[in-house]
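# Sequence plus the predicted model coming up.
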Amino acid sequence: MRVQIDARFQDERDRFAFHFSCEDCVYFDAGGARCAHGYPVAPHRAEAFAPEGAGEGMFCKEFELV
């Protein structure tokens, strides 16, 4: 699911301590920088949601909190 990466999103992410990126997912293999299910990780990584980024972050339907 695509989200608009704007000031409101950044504020709510910080205020509510949301976790949603690959780095927080049980299916993410940090050593190999890949998803255990084979999904592309670039749009789901933390940097895709950064305020200085391109604003191309997407929520993953397979996300499972560690």
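Sure, I can see it. Source: prediction; values computed, not measured.

# Leaving out the residues flanking it, which one is nearest to the most centrally placed residue in the chain?
What sits nearest the mean C-alpha location of the chain, by CA atoms, centre = their mean, is residue 21, with 2.4 Å. Nearest residue to residue 21 in three dimensions, chain neighbours excluded: residue 46, at 4.2 Å (CB to CB, 6 or more residues apart in numbering). The C-beta positions use only the backbone N, C-alpha and C, and glycine is treated the same way.

# for the one you found, what are its contacts?
21-23 (CB atoms under 8 Å, 6 or more residues apart in numbering).

# Just the CA trace of the helix or strand containing residue 8, in PDB.
According to DSSP states H and E, residue 8 maps onto helix 7-16. Output of helix 7-16 as PDB, limited to C-alpha atoms (Å, rounded to 0.1, in the frame of the first residue of the first chain):
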ATOM      1  CA  ALA A   7       4.800  16.100   7.500                       C
ATOM      2  CA  ARG A   8       1.700  14.600   9.000                       C
ATOM      3  CA  PHE A   9       2.900  11.000   8.300                       C
ATOM      4  CA  GLN A  10       6.300  11.800   9.900                       C
ATOM      5  CA  ASP A  11       4.700  13.400  12.900                       C
ATOM      6  CA  GLU A  12       2.400  10.500  13.500                       C
ATOM      7  CA  ARG A  13       5.100   7.900  12.900                       C
ATOM      8  CA  ASP A  14       7.300   9.500  15.600                       C
ATOM      9  CA  ARG A  15       4.500  10.300  18.000                       C
ATOM     10  CA  PHE A  16       3.000   6.800  18.000                       C
END
